[in-house]
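K.L.:
based on what follows, work out the 3D shape:
(one chain, ligands or ions: 2)
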Amino acid sequence: MQTLALSDSYGRVARDLRVSLTDKCNLRCTYCMPAEGLDWLSNDALLTDDEIVRLITVGVERLGIREVRFTGGEPLVRRGVVDIVSRVHALADAPEMSITTNALGLARTAGALAAAGLDRVNVSLDTVRPETFEAITRRDRFHDVVAGLAAAQDAGLGPVKVNAVLMRGVNDDQASELLDWCLERGYELRFIEQMPLDAQHGWTRDGMITADEILAHLSATHTLSPALEPRGSAPAELFTVDGGPGTVGVIASVTRPFCGDCDRVRLTADGQVRNCLFARDESDLRGALRAGADDADLARRWVTAMAGKLPGHGIDDPTFLQPDRPMSAIGG
Ligand code: SAM
Ligand code: SF4
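P.N.:
Ligands and ions are numbered 1, 2, ... in the order given. The predicted structure is shown next:
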């Protein structure tokens with residue numbers, strides 16, 4: 001079988017596939033979506049479990065994909081998630097698999113996900129105060145997330161990573177508290193700069209807590225030193241905390257973009273390839289697949305979709321336009 005590479009005209013090669021399993025979610029994080037939710041994709045528009053597994057198989061067998069991360073919306077609300085993981089794990093050259101989740105329901109499914117072949121989880125948690133959690137997510141579910149994290153750790157889905165977004169006047173004074181809580185439990189915390197990808201278009205540059213601010217907050221209580229391990233294509237800049245072994249990461253997508261080292265490609269829940277989180281164009285694999293395209297044809301279309309990847313996200317460019325599809329319908 002001929003193997004192609006998902007390369008672009010700037011010499012980058014995508015090997016890390018982010019698959020959104022659904023655009024639906026059981027939380028309503030204010031930086032992500034409005035209180036009333038969104039117009040969800042119809043069932044017909046969503047890829048079926050078989051279609052998802054087929055496209056991932058094309059990526060792994062023909063296009064050099066080595067890592068698959070499932071995301072959402074909230075990936076655990078998709079009923080077939082354990083089965084999808086298990087079928088991808090059964091591929092001859094199975095990729096590393098992880099999931100980015102809000103952890104609701106993870107206490108129940110962590111064991112099954114690990115048994116199906118999932119390697120790791122990233123859990124999104126922005127605060128360890130139940131009342132702040134409810135203010136951010138608009139749901140009183142803090143303790144479910146804590147239980148989900150513990151279950152993931154017990155199931156061997158580690159190292160468990162925690163993703164946090166800080167918001168001015170909401171939880172930006174809680175960075176050190178969250179770090180201490182994660183260090184005590186052996187979770188690896190990474191702060192993500194808020195990006196202009198919210199459905200409500202409420203992002204402003206002044207409102208965003210920058211990497212510099214995050215590091216200043218943390219440095220008030222901890223000694224941070226740049227970690228020695230090479231960063232490669234990883235989005236997080238890592239720091240050891242108080243001499244280690246604990247670390248903290250900062251994903252400064254806006255103020256310190258890492259587009260030049262990007263090795264990611266995204267597949268939406270309705271079967272569109274996005275060559276960048278911020279892409280304004282998508283390539284429709286679902287239509288081709290349902291029209292009877294064979295695997296070699298799907299692979300060629302995917303290669304074409306990647307070739308046009310832009311050098312950077314252009315947030316700082318005056319002509320920047322937020323993509324039509326919000327973060328919850330792309331996945332993190
Ligand atoms: N529902 C899952 C979760 O929350 O982990 C997966 C999907 S969510 C869109 C993936 C990640 O994107 C989460 O860590 C979330 O905090 C982050 N996120 C959502 N909106 C964001 C924004 N506007 N800027 C930066 N990160 C954002
Ligand atoms: Fe849901 Fe994740 Fe968006 Fe929060 S960040 S609303 S958990 S998709």
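
K.L.:
what about the residue in the stretch 151-300 of the chain that ligand 2 sits nearest to, how many neighbours?
P.N.:
Across the stretch 151-300 of the chain, the shortest distance to ligand 2 (Cβ to the nearest ligand atom) belongs to Val165, at 8.0 Å. Glycine gets a C-beta too; all of them are placed from N, C-alpha and C. As a burial measure, Val165 scores 23 neighbours (other Cβ atoms under 10 Å).

K.L.:
do Ser225 as well
P.N.:
12.

K.L.:
so it is in which element?
P.N.:
Per DSSP states H and E, Ser225 falls inside strand 224-226.

K.L.:
same check on Gly287?
P.N.:
Short version, using DSSP H and E: Gly287 is in helix 285-290.

K.L.:
report the strands that pair with the strand holding Ser225, each with its relative direction.
P.N.:
Sheet partners assigned to strand 224-226 using DSSP bridges are listed as strand 237-241 (antiparallel).

K.L.:
can you give me the helices in the stretch 101-250 of the chain?
P.N.:
With DSSP state H, counting those that start in this stretch, the ranges of helices along the stretch 101-250 of the chain come out as 106-116, 130-137, 142-154, 175-185, 211-219.

K.L.:
closest to ligand 1 out of the ones you listed?
P.N.:
Once the helices of the stretch 101-250 of the chain are compared by Cβ to the nearest ligand atom, helix 130-137 is nearest, at 9.1 Å.

K.L.:
same for that closest one, what does it pack against?
P.N.:
Other helices and strands packing on helix 130-137, by 3 or more Cβ pairs under 8 Å, 6 or more residues apart in numbering; DSSP states H and E, are helix 142-154.

K.L.:
the helix it packs on to helix 106-116, inter-axis angle?
P.N.:
20 degrees (axes from the mean of the first three to the mean of the last three Cα atoms, to 10 degrees).

K.L.:
which bits of the stretch 201-332 of the chain sit near ligand 1?
P.N.:
Residues of the stretch 201-332 of the chain found near ligand 1 (Cβ under 6 Å from any ligand atom) are Met327, Ser328, Gly331, Gly332.

K.L.:
could you find the closest non-adjacent residue to the first one?
P.N.:
Beyond its immediate neighbours in the sequence, the residue positioned closest to Met327 (Cβ to Cβ, 6 or more residues apart in numbering) is Leu197, lying 3.8 Å away.

K.L.:
okay, now the one you found: neighbour count?
P.N.:
Leu197 has 21 neighbours, counted by other Cβ under 10 Å.

K.L.:
report the residue spans of the stretch 201-332 of the chain with pLDDT below the cut-off.
P.N.:
Along the stretch 201-332 of the chain, no part satisfies pLDDT under 70.

K.L.:
returning to what we had before: how much space between the residue of the stretch 151-300 of the chain closest to ligand 2 and His143?
P.N.:
Going from Val165 to His143 by Cβ to Cβ, to the nearest Å gives 20 Å.

K.L.:
circling back: would you reformat the residues of the stretch 201-332 of the chain next to ligand 1 as CSV and include neighbour count and secondary structure?
P.N.:
Below are these laid out as CSV (neighbours: other Cβ atoms under 10 Å; DSSP: H, G, I helix; E, B strand; the rest coil):
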residue, neighbour count, secondary structure
Met327, 21, helix
Ser328, 27, helix
Gly331, 24, coil
Gly332, 21, coil
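
K.L.:
now do the contacts for Gln194.
P.N.:
Gln194 sits next to Tyr31, Val165, Leu166, Met167, Trp203, Gly207, Met208, Ile209, Val254 when contact means Cβ atoms under 8 Å, 6 or more residues apart in numbering.

K.L.:
can you do 6 Å?
P.N.:
Each residue near Gln194 by Cβ atoms under 6 Å, 6 or more residues apart in numbering is listed here: Tyr31, Val165, Met208.
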